[in-house]
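Trainee: sequence? don't have it. structure:
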C-alpha cells in the first residue's frame, strides 16, 4: 500500500477512515491506497472507522459525505465528548489482575457499548499473577449478566493469547479499549503484524513525521484486509453524560432483566414501592457493588442534566 500521491477517483468514491489528526484524516481507498483528506467547512466530525464519500482535490482528498454508521462508541463528560470509533463489530474491554482495575470504569464502558449497539467481551489479562483469583471474583457479576470474560496472560503466554484471539477477530472490526497499565499495547503488538510500519504509514500520510500514541489507530490483521484491530488511547476517566438517566437501568444488564417487574413505568429503582430491581437487590440477585455503581451514575447523570 502506498501513502503517497492521490489515486484517480470517480466523484464521490467510497473510502474508509483509518486515521484522524485534528481536521485532517487518512482515508484508505478500495485498492488499499492511503492518502490525506479533509472535510468541507470549519469542522469535521469524521472518526476512525467511518465510511465516507470523497473526491480528489489537488494531491489530497475532500470528504463530501458520510455513510450511515452501524455503531458508534463514545464517551462524554462535563467538559468534552470523544468518539472512539465507528462501524465496530466487537469491543474488547481490557482489565488486568494487577494493577487493580476500576469496576466503575468497566461498568461505564459496558454501558457505552450497550448504548452504541456493539457486541462486547471483557478481557482479563495477567492471569498468571497471584491476584487472579480476586480479579475473577470481582468479575463474577458480569459473567452472570452474560458477558464473556476471556482470560489471558499476554506477556507470559503469547501463544495461548493468539489461540484465544486469532479466531475471535477474524473477519471483524474490533476496538480494544482499556485504562493505561492493563497490557493493551502488549496485546496490540502481539496480534498486529508490522504494527510500527502500519502506524508509520498513517503518520507519513499525515506528514507528521512521527508516530503517535494519543490517537485512535487502525491496524489490519491480515493481508486481505478483512480483519481489523483498532487501538484507542488509554483512559483514566470514562464519562457517560450522553446517556439519559431514565435509560441507565436498561443499559445495565443486571438491572435491565428486572425492569418489567417494576410497578411504575418511571421507576428510578431507588425508593419506589413494588420495584423489581429493589426486590432483586434484596434477594442478592444484584450485587452490592453494582448497586453502588448504579447510584453513583444516577447521581452523576442527574447533576449533569440539571446543569443544562
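Mentor: Great, that's in hand. Keep in mind that this is a model prediction, so the values were computed, not measured. Residues are numbered from 1 along each chain as shown.

Trainee: show me which strand runs longest in this structure.
Mentor: Criterion DSSP state E: the longest strand present in the chain is strand 13-21.

Trainee: can you name the next helix or strand after that one?
Mentor: Where DSSP states H and E defines the elements, the next helix or strand beyond strand 13-21 is strand 24-28.

Trainee: tell me the strands beside that next one, with direction?
Mentor: Here strand 24-28 has these sheet partners by DSSP bridges: strand 13-21 (antiparallel), strand 34-39 (antiparallel).

Trainee: next, the buried residues of the longest one.
Mentor: Judged by neighbour count using 16 or more other CB atoms under 10 Å, the buried positions of strand 13-21 are 13, 15, 16, 17, 18, 19, 20, 21. Just so you know, the C-beta spots here come from the backbone N, C-alpha and C atoms, and that holds for glycine as well.

Trainee: skipping adjacent residues, who's closest to the fourth one in space?
Mentor: Once flanking residues are discounted, residue 17 sits nearest to residue 50: 4.4 Å by CB to CB, 6 or more residues apart in numbering.

Trainee: same thing with the second one?
Mentor: Counting by CB to CB, 6+ apart, the nearest residue to residue 15 once its immediate chain neighbours are dropped is residue 27, at 4.0 Å.

Trainee: show me where this protein has strands.
Mentor: So, for the chain - with DSSP E - the strands run 13-21, 24-28, 34-39, 51-57, 60-66, 72-76, 81-86, 90-96, 119-125, 149-151, 173-177, 217-220, 228-231.

Trainee: so which of those comes closest to residue 112?
Mentor: Ranking the strands of the chain by proximity to residue 112 (CB to CB) places strand 72-76 first, at 6.0 Å.

Trainee: just give me the neighbour total for residue 143.
Mentor: 12 (other CB atoms under 10 Å).

Trainee: contacting residues for it?
Mentor: Neighbour list for residue 143: residue 149 [criterion: CB atoms under 8 Å, 6 or more residues apart in numbering].

Trainee: what distance do you get for it to residue 226?
Mentor: When distance is defined by CB to CB, to the nearest Å, residue 143 is 30 Å away from residue 226.

Trainee: kindly report the same for residue 146.
Mentor: Taking CB to CB, one finds residue 146 at 28 Å from residue 226.

Trainee: next, count neighbours for the nearest residue to residue 269 once chain neighbours are set aside.
Mentor: Nearest residue to residue 269, sequence neighbours excluded (CB to CB, 6+ apart): residue 277, at 3.9 Å. Applying other CB under 10 Å, we find 26 residues neighbouring residue 277.

Trainee: go on, residue 244?
Mentor: 11.

Trainee: contacts only, for the residue nearest to it when sequence neighbours are not counted.
Mentor: Once flanking residues are discounted, residue 244 sits nearest to residue 301: 7.2 Å by CB to CB, 6+ apart. Residues near residue 301 by CB under 8 Å, 6+ apart: 240, 241, 243, 244, 245, 248.
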